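>>> This is a predicted model, with the sequence first.
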Amino acid sequence: MKAIARARMVRCGLIALLLGLASCSGSSDWVQFRGAGGRGATSTRISPPLGVKWKFRLQLDGRTLRSFNPPVVKADTIYFGSADGNFYALDIESGYMDWVFKSGAAINSVPYADSEYVYFGSQDGKAYALTRDSGLESWNFPTGRQVNSSVERYKDFIIFTSDGGESFFLNPEGEKIFEIPNPVWYNHTFQMYDDVMYFAPGPLSNPHSFGPYDIKEQRYLWVLENFGFNAVWYSFPAIRGDLIFFSTAGFDGFEWNLAFHAYHRVTGREVWRYEDFSRWGASSPDLEALFLRGLDLLDFMAPSVWKDLVIYSGGDAVVRAFDAETGAIRWEREFDSPVSSAPTVAGDRLYFGLLGDELSSGSGPQLICLSARNGTILWRMDLEGAILSAPVIAGKRLMFGTDQSIFYILEEVF
């Protein structure tokens, strides 16, 4: 899940992407938000140093992007939506555009691809299913509200959420099976696991809450009261065994209040909680502006789960790795400027963005690679702009976009 707990949330970020790419390496699918299981990790090992295989500057009149929805990759094709209302399919080997589909407004949702179709939502208030091979519209489903959520196919359900509307459960033909009211949450993301939606918008009797919803029995297993978190942000969750992990953040005008949580996913028992104040290294950022920047990112503060660790970045200037069972800090790494993106683990390498602060630290935005085992810095790469959403891994390729409208594709340097 990623749910934004702001009833008045206005999605003002401009998300756009255009890329081409040639590669001789084998491919691997990345078909949903945060990858397989939502854990922000892949067993594919990508080791630095990495070189730029290809990069492209978006034509956005010099505007700085506030958000960037990562693409999905299926069978050597990259799929993504854009602020121009277009949904694109590009051949990952040649970089040529296979097809383009025009929706009625900007597309800010995270798509999902299966063997035949790719699914996404649009700010025109509809969810779409297009054929993967030709981009022909199979169906659209009107919701009456913007669809800025992640989209997922789980068994015979197509699942997505409209802003301040409903979470919809459709059949593969685009017909509604049932819905859950959603009067509060915007830019909602979620994860399906064992027929349970982690996390669904809470019941109408308590609309500011959220919890796991059993889609077979159509009932909540348990409900989290958000007033107990002192937060306005609740990250996308990750699951390892019987535990579910997520983070929360609040801003009181002086500092960020951060918390990292583990719950038993079936009973709702809190297993551990780690609370901390934000730390900023040598930098002195505008904390309110930086907090608002994070709220436009779908995977802001989402964890990566690797072996027995749960790892967070994308909040302050610290990357924290917790023991998944106990919540004890296993390692942490503090930088001289804020971290700009959630992490992705490739093999045993952790990749994420650093915002940079040329005044205090003398360096601009960077891609950082740490050892996931102990947090040792293995490699840095200077970038044109700060990475927004976490890098996506497709085979031996690593891809991401920056707030300066640059899309990068990197590969190992042999």
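Now that the structure is in, tell me what you want to look at.

>>> any chance you could map the strands in the stretch 1-150 of the chain?
Using DSSP state E, counting those that start in this stretch, the strands of the stretch 1-150 of the chain run over 2-4, 41-42, 50-57, 72-74, 77-81, 86-91, 97-102, 112-113, 117-121, 126-131, 137-142.

>>> out of those strands, nearest to residue 293?
strand 2-4 (13.3 Å; CB to CB). Every C-beta, even on glycine, is put in place using the N, C-alpha and C of the backbone.

>>> contacting residues around the strand or helix carrying residue 353?
Using DSSP states H and E, residue 353 sits within strand 349-354. For strand 349-354, the external contacting residues (CB atoms under 8 Å, 6 or more residues apart in numbering) are 45-48, 304, 306, 311, 313-314, 319, 335, 337-345, 365-372, 378, 380, 383, 386-388, 390-391, 398, 400, 402.

>>> now do 6 Å
313, 335, 337, 340-341, 343-344, 366, 368-370, 372, 386-387, 391 (CB atoms under 6 Å, 6 or more residues apart in numbering).

>>> Report the buried members of these.
Those of the contacts of strand 349-354 that meet the buried threshold are 313, 335, 337, 340-341, 343-344, 366, 368-370, 372, 386-387, 391, by 16 or more other CB atoms under 10 Å.

>>> Is the nearest residue to residue 219 once chain neighbours are set aside in a helix, a strand, or coil?
Closest residue in space to residue 219, ignoring its immediate chain neighbours: residue 213 at 7.3 Å, by CB to CB, 6 or more residues apart in numbering. Following DSSP: H, G, I helix; E, B strand; the rest coil, we place residue 213 in the strand state.

>>> Run a quick neighbour tally on residue 213.
When counting by other CB atoms under 10 Å, one arrives at 23 neighbours for residue 213.

>>> Just to check, it is in contact with residue 222?
No. Using CB atoms under 6 Å, residue 213 is not in contact with residue 222, being 10.1 Å away.

>>> pLDDT score assigned to the spatially most central residue of the chain?
The centre of the chain sits closest to residue 299, judged by CA atoms, centre = their mean, with a distance of 3.0 Å. Reading off the confidence values, residue 299 has pLDDT 88.

>>> So it belongs to a helix, correct?
No. Secondary structure of residue 299 (three-state DSSP): coil, not part of a helix.

>>> For it, which non-adjacent residue is closest in space?
Distance criterion CB to CB, 6+ apart; nearest residue to residue 299, sequence neighbours excluded, is residue 342 at 4.4 Å.

>>> And residue 195, by the same measure?
Excluding its sequence neighbours, the residue lying closest to residue 195 (CB to CB, 6+ apart) is residue 216, at 5.1 Å.

>>> Kindly report the same for residue 147.
Spatial nearest neighbour of residue 147, chain neighbours left out: residue 121 (2.7 Å); criterion: CB to CB, 6+ apart.

>>> what about the one you found, how many neighbours?
For residue 121, the count of nearby residues is 29 (other CB under 10 Å).

>>> That one pairs with what?
residue 127 (DSSP bridges).

>>> separation between it and residue 44?
As judged by CB to CB, to the nearest Å, residue 121 and residue 44 stand 28 Å apart.

>>> do residue 392 as well
Distance of residue 392 to residue 44, given as CB to CB: 12 Å.

>>> neighbouring contacts of the strand or helix carrying residue 393?
Assessed by DSSP H and E, residue 393 sits inside strand 392-394. Strand 392-394 is touched from outside by 28, 30, 42, 44, 70, 73, 346, 399, with contacts defined as CB under 6 Å, 6+ apart.

>>> residue contacts, the residue nearest to residue 209 when sequence neighbours are not counted?
Sequence neighbours aside, residue 202 is the residue nearest to residue 209 in space, at 3.1 Å (criterion: CB to CB, 6+ apart). Taking CB under 6 Å, 6+ apart, we find residue 202 in contact with 209, 210, 223.

>>> same question, residue 97
Residue 97 sits next to residue 90 when contact means CB under 6 Å, 6+ apart.

>>> Over to residue 409?
21, 53, 54, 397, 399.

>>> Also residue 104?
Applying CB under 6 Å, 6+ apart to residue 104 gives the contacts residue 124.

>>> distance of it from residue 163?
For residue 104, the distance to residue 163 equals 16 Å [CB to CB].

>>> In what element of secondary structure is residue 375 found?
Going by DSSP H and E, residue 375 is not in any helix or strand.

>>> Next up, the contacts around it.
331, 333.

>>> switch to 10 Å and redo it
Contacts for residue 375 (CB atoms under 10 Å, 6 or more residues apart in numbering) come out as 311, 319, 320, 321, 330, 331, 332, 333, 334, 350.

>>> Quick check: pLDDT value at it.
Looking at residue 375, its pLDDT reads 98.

>>> What are the phi and psi values at it?
Torsion angles at residue 375 (phi, psi; degrees, to the nearest 10) stand at phi 80, psi 10.

>>> Any figure for the gap between the closest residue to residue 178 other than its chain neighbours and residue 373?
Using CB to CB, 6+ apart and skipping the chain neighbours, the partner closest in space to residue 178 is residue 169 (5.3 Å). From residue 169 across to residue 373, the span is 40 Å (CB to CB).

>>> neighbour count winner among these two?
Shown here are residue 169 and residue 373; by other CB under 10 Å, residue 169 has more neighbours (19 against 15).

>>> quick one: the strand or helix carrying the more buried one to strand 126-131, angle?
Assigned by DSSP H and E, residue 169 belongs to strand 166-170. In terms of direction (axes from the mean of the first three to the mean of the last three CA atoms, to 10 degrees), strand 166-170 departs from strand 126-131 by 30 degrees.

>>> Quick check: buried residues in strand 166-170?
Neighbour-count burial for strand 166-170 flags 166, 167, 168, 169, 170 (criterion: 16+ other CB under 10 Å).

>>> who does it pair up with?
strand 157-161 (antiparallel), strand 176-181 (antiparallel).

>>> Quick check: which of those strands is buried the most?
strand 157-161 (a mean of 26; mean count of other CB atoms under 10 Å).

>>> any idea how far that one is from the chain center?
Computed by CA atoms, centre = their mean, to the nearest Å, the chain-centroid distance of strand 157-161 equals 17 Å.

>>> same thing with stretch 321-330?
Taking CA atoms, centre = their mean, one finds the center of stretch 321-330 at 22 Å from the center of the full chain.

>>> now that stretch: mean pLDDT?
Mean predicted lDDT for stretch 321-330 stands at 98.
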